[in-house]
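> next input, structure requested:
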Amino acid sequence: MSGETVLFEAVIVPHRSLSRRGLRLLLAAIFVVCAADAAVFTLIGAWPVGGFAGVELLLAALLLHINVRAARASETLRLTDAALRVVRTDVQGRRAERVLHPAWLTVHLEERPGRVPGLWLGTHSAREEVARSLGEHEKRDLAKALHDALHRWRNPVFDNPQLAER
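Numbers count the residues shown, from 1 in each chain. From the prediction side, this is the model:
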């Protein structure tokens, strides 16, 4: 792999709009709202609401933690002169690699009514869905870029100065 020329490379990571500071601020705001809610209901005699507010806070923290953890996953598509490699890294850091030969590779954007289209790479013996975490526009851009890169790989332009007009 060290001698291969990289013709196309895309690194796909799930979009996360919250920074660490934003996440802390969001959790603090949820805590303040839950605490105020619990205090009001406890003062009027509905003390069980305080327990539910605590459970709500823990559930929100757990779901935000799962969301932040999922951001560690990634997918890399790398087209070289020898193969297209699809490398997936899950949230635990485990890597899985799939190698597809680009000579017979097709890029197919599968339209799904009411949903984000699926981006499929296929050969005569394998079919692989990629870029599941991307939105519709990003998938369309990636499909076009990968299709163009495969076209350039299959149809190289040779620059022969001897054949150039003088």
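> could you use CA atoms for every contact and neighbour count after this?
Fine.
> residues contacting the least confident helix or strand in the chain by mean pLDDT, please?
Least confident element among the helices and strands of the chain, by mean pLDDT, DSSP states H and E: helix 48-70 (a mean of 88). Residues from elsewhere that reach helix 48-70, judged by C-alpha atoms under 8 Å, 6 or more residues apart in numbering: 14, 16, 23, 27, 30-31, 34-35, 37-39, 41-42, 91.
> and if we set it to 10 Å?
Applying C-alpha atoms under 10 Å, 6 or more residues apart in numbering, the external contacts of helix 48-70 come out as 13-16, 18-20, 23-24, 26-28, 30-42, 90-92.
> show me what contacts residue 81?
1, 3-8, 101-102, 153-154.
> got the phi and psi for residue 160?
phi -110, psi 110 (degrees, to the nearest 10).
> count of residues packed around it?
Other residues near residue 160 number 7, with proximity taken as other C-alpha atoms under 10 Å.
> poorly predicted segments of this structure, please.
Applying pLDDT under 70 to the chain flags the ranges 1-2, 166.
> let me see the ranges of the helices in it.
With DSSP state H as the criterion, the chain has helices at 20-43, 48-70, 136-154.
> need those helices in TSV (columns: distance to residue 122 and mean neighbour count).
Output for the helices of the chain, formatted as TSV (distance: least, C-alpha to C-alpha, whole Å; neighbours: other C-alpha atoms under 10 Å):
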stretch	distance to residue 122	mean neighbour count
helix 20-43	39	14
helix 48-70	27	15
helix 136-154	12	16
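> between those helices, which gets nearest to residue 97?
Across those, residue 97 has its closest neighbour in helix 136-154 (17.9 Å, C-alpha to C-alpha).
> and the contacts of the closest one?
Here helix 136-154 has contacts from 7-10, 12, 77-82, 84, 102-109, 111, 115-121, 130-134, 155, using C-alpha under 10 Å, 6+ apart.
> what about it, distance to the chain center?
Distance of helix 136-154 from its chain centroid, counting by C-alpha atoms, centre = their mean, to the nearest Å, is 16 Å.
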